[in-house]
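[1] okay, sequence plus prediction incoming.
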Amino acid sequence: MLSFDILCEQRIVDAMRQGEFDHLPGAGKPLDLDEDPLVPDDMRMANRILKNAGFVPAEVGLRREIADLQNQLALLGDEARSLAVRRLGLLMQRLSLARGAAVNLSIEDQYWERLKQKAA
């Protein structure tokens, strides 16, 4: 799979150098990520209603809570930190159960950072 990824990256870079992406429709305009054309109209409407109501999927809520707790760890005293670490472990287990696979957020964070660097 790695060789396929390298080949794809090379072809994309070559196309960029040749200017094949320079005059695409919508160039320079922000992407509209709210409407996914591959989602049926009725599902788009349901998703919009849920989003406007402030609903987020369970995994998103768990990840937010985990991130908040990780940010607070350095500010907490010893006893509170101990409780927070146990809470963090519980949240990680819940996230793993929700996904059906073990979760390693540090690897995921590294992956997203590399993606951001490549896109920049």
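    Yep, that arrived.

[2] quick one: low-confidence ranges for the protein?
    Filtered on pLDDT under 70, the chain yields the residue ranges 1.

[3] can you map out the helices along it?
    Shown for the chain, the helices assigned by DSSP state H span residues 2-17, 41-52, 58-73, 78-99, 105-119.

[4] for residue 34, which of the ones you listed is the nearest?
    For those, proximity to residue 34 was assessed by C-beta to C-beta; helix 41-52 is nearest, at 7.7 Å. Backbone N, C-alpha and C define where each C-beta goes, glycine included.

[5] show me what that closest one is in contact with.
    With contact meaning C-beta atoms under 8 Å, 6 or more residues apart in numbering, helix 41-52 is reached by 34, 35, 36, 39.

[6] just stretch 9-17 next, same as before
    The contact list for stretch 9-17 (C-beta under 8 Å, 6+ apart) reads residue 21.

[7] tell me which residues touch the residue lying farthest from the centre of the chain, please.
    Using C-alpha atoms, centre = their mean, the residue of the chain lying farthest from its centre is residue 79. It sits 32.0 Å away. Under the criterion of C-beta under 8 Å, 6+ apart, residue 79 has no neighbours.

[8] let me see the contact set for residue 111.
    Taking C-beta under 8 Å, 6+ apart, one finds nothing in contact with residue 111.

[9] ok, the residue farthest from the centre of the chain to residue 99 distance?
    To residue 99, residue 79 is 31 Å away according to C-beta to C-beta, to the nearest Å.
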